[in-house]
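Participant: give me a 3D structure for the following:
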Amino acid sequence: MTRETDSAATSPASWAARFAWGALGLLLLAWTVFEAAKHTGLTIPFAVFGLLVPFLTRLAPGSTAVQHTLLRVWIPLVVMVICSAIPGPADNTATPFTFGMAWLTHIALRRALGNRI
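Facilitator: Below you'll find the model as predicted:
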């Protein structure tokens, strides 16, 4: 008896979704590196920290629930949208924006590799 998720993982729609997540992840990775190099300063460590957030949640108590929450697309996307909506110079919002983008990069690449949480 096979599980439903086994057949879904090999379906053409699944491969198309994984390819789309991979393309988005690579685009976001290039954009994250560009933004970190452009703004320098605190943007670089925050970009690295954004990529590592889901890995660091394994150290937290109740880590499964925390990790499931932190691997939702909406949280880093909201961070990016809020930073984009704040008026003023881009240098003030570049650090949290890049953090959210790096976090979203991690999620996209993880989903491209088949880790759906």
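Participant: quick check: closest non-adjacent residue to the residue nearest the centre of the chain.
Facilitator: Central residue of the chain (C-alpha atoms, centre = their mean): residue 104, 1.8 Å from the mean position. What sits nearest to residue 104 in space, not counting adjacent residues and going by C-beta to C-beta, 6 or more residues apart in numbering, is residue 76, at 4.2 Å. The C-beta positions use only the backbone N, C-alpha and C, and glycine is treated the same way.
Participant: what strand or helix carries that neighbour?
Facilitator: Residue 76 is part of helix 74-85 when elements are defined by DSSP states H and E.
Participant: re the thing from before, need the contact list for the residue nearest to residue 104.
Facilitator: Neighbouring residues of residue 76 by C-beta atoms under 8 Å, 6 or more residues apart in numbering: 50, 100-101, 103-104, 107.
Participant: list the buried residues of the helix or strand harbouring the residue nearest to the centre of the chain.
Facilitator: Secondary structure from DSSP H and E places residue 104 in helix 90-112. Using 16 or more other C-beta atoms under 10 Å as the test for burial, helix 90-112 gives 93-112.
Participant: any stretches of the protein with poor pLDDT?
Facilitator: Regions of the chain meeting the criterion pLDDT under 70 cover residues 1-10, 116-117.
Participant: same for the top helix by length along it, what does it pack against?
Facilitator: Longest helix in the chain, counting residues (DSSP state H): helix 12-39. Applying 3 or more C-beta pairs under 8 Å, 6 or more residues apart in numbering; DSSP states H and E, one finds that helix 12-39 contacts helix 43-56, helix 90-112.
Participant: buried residues in the first one, which are they?
Facilitator: In other words, helix 43-56. Neighbour-count burial for helix 43-56 [16+ other C-beta under 10 Å]: 43-44, 46-47, 50-51, 53-54.
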